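>>> what would the 3D arrangement of this be:
(2 chains)
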Protein chains: 2
Amino acid sequence: MTEHNVRIVLASRPQGWVEPGNFRIERMPIPEPGPGQVLVRNRWLSLDPYMRGWISDAKSYVEPVAIDAVMPGGTVGEVVASTDAQLAVGDLVVGMLGWQRYAVADAGTVRRVDASRVPPQAFLGALGMPGVTAWYGLQRICRPQPGETVVVTAAAGAVGSVVGQLAKAAGCRVVGVAGGAVKCRYAVDELGFDACVDYKAGQLQADLRAALPDGVDCLFENVGGEIFDALLARTRPFARVALCGMIADYNALEPYRLKNLRAALVNRLLLQGFIVSDHMELWPQALRELGALAAAGKLRWRETVAEGLERAPEAFVGMLRGDNLGKQLVRVD
Amino acid sequence: MTEHNVRIVLASRPQGWVEPGNFRIERMPIPEPGPGQVLVRNRWLSLDPYMRGWISDAKSYVEPVAIDAVMPGGTVGEVVASTDAQLAVGDLVVGMLGWQRYAVADAGTVRRVDASRVPPQAFLGALGMPGVTAWYGLQRICRPQPGETVVVTAAAGAVGSVVGQLAKAAGCRVVGVAGGAVKCRYAVDELGFDACVDYKAGQLQADLRAALPDGVDCLFENVGGEIFDALLARTRPFARVALCGMIADYNALEPYRLKNLRAALVNRLLLQGFIVSDHMELWPQALRELGALAAAGKLRWRETVAEGLERAPEAFVGMLRGDNLGKQLVRVD
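Predicted coordinates:
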């Protein structure tokens, strides 16, 4: 049997919660690279919350993924055929090659990486897009000063875990918010957070009050909804809010309605929404700093791995529900 | 009959809408200046929306005005006695001397102004705190570029009218939002706005859509509530929001709950709350630029004047309801 390509396409748009049935698996011949292209055998696929926005019809910063189109996504894989002078068979490349085993790409759209010192999938996590996202929001929007209190939501996730460690390295007090005792223990015991509030423990307001007696100077917001609202009410004067994600809303039919934005006026907040791909010019600096931190043993991460491409849909749904600890990956079989 | 002092104190905290009965008028002897002080006979009192925040118990950026304390407020008046070498009897000074006919102040807390070319009350409006507020939010937060679309709410008010004229001077398309046809005509016909949406006309969404076919690049927000929410939904990528006031919420028992803050993420908005007194170092520059614009005939304003200090409470309530056109003043009798 000749090996074939396997890919996952969007079969239908979700209304509210995504279900695995919104996706469809397809088998087809492996494509051939044209001039200046490479054929890549993907090894790892990244699953990220932003993908939820791409499959809905709601206005977003990109055109929605078309029905029957391959799901987009970050990948790391090996070049198995090349017509480009810069990339050779065997090179490891990071790209946006989607939920599929094989993909053809213009050589300029992938980036060769050196996996001699870190596992290749790290380039999809702390040393990739999520890491740079954490770096940008913290260093360029929050700009924390030593001694300030930094709060990060989805603290045990791929982005949040890096935010917290960067903030600790900057001399801040770091408080995470995460769903469940396991994630909170991980944030405190392994990542070095000063405290972590489990929003599933049923006493969010009281727990935030206890963990943040002096309020919040920097908020790195990944979640939105009720948690964000509660944190807005605890901001200090001149606090900064890096608005990175609102995952609580992504599967809701109606958005959560915020009541505490008046804090932005009273406390003269700076709130900035951002998308890391708007700032490609800063990736080299961010990746240098993240790599140095990792080499010094000050940047740790964990992964949740779905084994096999066909499990990507259920792993994606699980990630949106918060089932994963750390970076959610798919090992492409 | 010896002349006496007249002052208005806070008698009780409003629950919801302020009423004139929340204030009380008092008569008492005129105070004497101590060393380094001046006695000022106030001629004009400024009424501003921020005062609503100062009389409620809700957390804000200042301690609330105490019950039985004189209402604070910006004033312009004449020095009638002085023990300070820099200020002489007859000097015109701007200060925060409150809702009263006479006040004693440390000489360093008032500022001498020259009213030879503008009426003295202009220093409480376009050439004073409201003008600098407009300048700061527009020039330092919105930073509009020629050709961009600037929207300002409460467009016919003391701040909004300056915002619009500064934005026109910066080469922008300017759209106001105001309550009523009279205010909108004023914004367009006298202030030179390109368009104005009357939010009382009963078709806010449709009118905003028509006035903003290409969306909003800069939003100078004075109102909050439903209007702010509707404008958030019309922001363009990388729009800036200067959050100056949320008057729609000030008299509400429960804040309006915003549904469109997700636009901050999707459109990578920068939203910044500000209070102009945090930026005293910029007042000279702002006042220079505003004065030059006024001298060139490119900065117009109107006033709504309540005659007599005892009418300040009802004028204040009227201003919060939006009864005034332009700067709301009290002529101190």
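
>>> next, the buried residues of the host helix or strand of residue A:240.
Using DSSP states H and E, residue A:240 sits in strand A:235-243. Neighbour-count burial for strand A:235-243 flags A:235-236, A:239-243 (criterion: 16 or more other CB atoms under 10 Å in any protein chain shown). Quick note: C-beta positions are derived from backbone N, CA and C, even for glycine.

>>> what is the neighbour count of residue A:82?
Neighbour count of residue A:82, defined by other CB atoms under 10 Å in any protein chain shown: 20.

>>> so what's the residue count around the closest residue to it other than its chain neighbours?
Nearest residue to residue A:82, sequence neighbours excluded (CB to CB, 6 or more residues apart in numbering or on different chains): residue A:38, at 4.6 Å. If you count neighbours by other CB under 10 Å, residue A:38 ends up with 28.

>>> tabulate the buried residues of strand A:235-243 (CSV), appending distance to residue A:93.
Formatted as CSV, these follow (distance: CB to CB, whole Å):
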residue, distance to residue A:93
A:235, 42
A:236, 44
A:239, 40
A:240, 36
A:241, 35
A:242, 30
A:243, 31
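
>>> which residues touch stretch A:270-280?
Identification of contacts with stretch A:270-280 by CB atoms under 8 Å, 6 or more residues apart in numbering or on different chains yields A:50, A:61, A:129, A:132-133, A:136-137, A:140-141, A:238-244, A:264, B:264-272.

>>> how about a cut-off of 6 Å?
Stretch A:270-280 is contacted from outside by A:132-133, A:136, A:141, A:240-241, A:243, A:264, B:264-265, B:268-272, using CB atoms under 6 Å, 6 or more residues apart in numbering or on different chains.

>>> what does stretch A:205-223 give?
The contact list for stretch A:205-223 (CB under 6 Å, 6+ apart) reads A:137, A:142, A:144, A:148-154, A:160, A:163, A:175, A:195, A:197, A:228, A:230-231, A:234-236, A:239-245, A:247-248.

>>> buried residues, it. List them.
Neighbour-count burial for stretch A:205-223, counted by 16+ other CB under 10 Å, picks out A:207-208, A:211-212, A:216-223.

>>> could you tell me which residues of the stretch 151-300 of chain A lie near chain B?
Within reach of chain B by CB under 6 Å from any CB of the partner chain, the stretch 151-300 of chain A has these residues: A:243, A:246, A:255, A:257-259, A:261-262, A:264-266, A:268-275.

>>> drop anything exposed from these.
So, by 16+ other CB under 10 Å, the buried ones in those are A:243, A:246, A:255, A:258-259, A:261-262, A:264-266, A:268-275.

>>> so which of those residues belong to strands?
Mapping those onto strands (DSSP state E) picks out A:243, A:270-273.

>>> just flag the most distant two among those.
Maximum pairwise distance among those (CB to CB): 11.5 Å, between A:270 and A:273.

>>> contacts for the helix or strand containing the residue nearest to residue A:82?
According to DSSP H and E, residue A:38 maps onto strand A:37-46. With contact meaning CB under 6 Å, 6+ apart, strand A:37-46 is reached by A:33, A:73-84, A:87, A:93, A:97, A:101-107, A:121, A:124, A:329-330, A:332.

>>> would you give the sheet partners of it, along with the direction of each?
strand A:75-82 (antiparallel), strand A:102-106 (antiparallel), strand A:327-331 (antiparallel) (DSSP bridges).

>>> let me have the ones you listed in JSON lines, extended by mean pLDDT and distance to residue B:181.
Shown next, in JSON lines, are the strands paired with strand A:37-46 (pLDDT from 0 to 100; distance: least, CB to CB, whole Å):
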{"stretch": "strand A:75-82", "mean pLDDT": "98", "distance to residue B:181": "58"}
{"stretch": "strand A:102-106", "mean pLDDT": "98", "distance to residue B:181": "57"}
{"stretch": "strand A:327-331", "mean pLDDT": "97", "distance to residue B:181": "55"}
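
>>> excluding its backbone neighbours, what's nearest the closest residue to chain B within the stretch 151-300 of chain A?
Closest residue of the stretch 151-300 of chain A to chain B, CB to the nearest CB: residue A:257 (3.4 Å). Spatial nearest neighbour of residue A:257, chain neighbours left out: residue B:257 (3.4 Å); criterion: CB to CB, 6+ apart.

>>> quick one: low-confidence parts of the stretch 1-150 of chain A?
A:1-2, A:59-61 (pLDDT under 70).

>>> beta partners of residue A:94?
Beta-bridge pairing for residue A:94 (DSSP bridges): residue A:76, residue A:111.

>>> just checking, it touches residue A:113?
Yes - under the criterion of CB atoms under 6 Å, residue A:94 makes contact with residue A:113 at 5.4 Å.

>>> which of these two has more neighbours?
Neighbours were tallied for residue A:94 and for residue A:113 using other CB under 10 Å; the higher tally belongs to residue A:94 (23 against 18).

>>> how far away is that one from residue B:82?
Distance from residue A:94 to residue B:82, counting by CB to CB, to the nearest Å: 73 Å.

>>> same check, this time on residue A:84
For residue A:84, the distance to residue B:82 equals 83 Å [CB to CB].

>>> now do the contacts for residue A:121.
Residue A:121 makes contacts with A:44, A:329, as judged by CB under 6 Å, 6+ apart.

>>> repeat the analysis, applying 8 Å as the threshold.
Applying CB under 8 Å, 6+ apart, we find residue A:121 in contact with A:43-44, A:76, A:303, A:327, A:329.

>>> okay if I get these as CSV plus distance to residue A:15?
Converted to CSV, these look like this (distance: CB to CB, whole Å):
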residue, distance to residue A:15
A:43, 34
A:44, 30
A:76, 33
A:303, 31
A:327, 28
A:329, 28
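
>>> out of the residues you listed, which two sit at the greatest distance?
Largest separation among these by CB to CB: A:43 and A:327, giving 14.6 Å.
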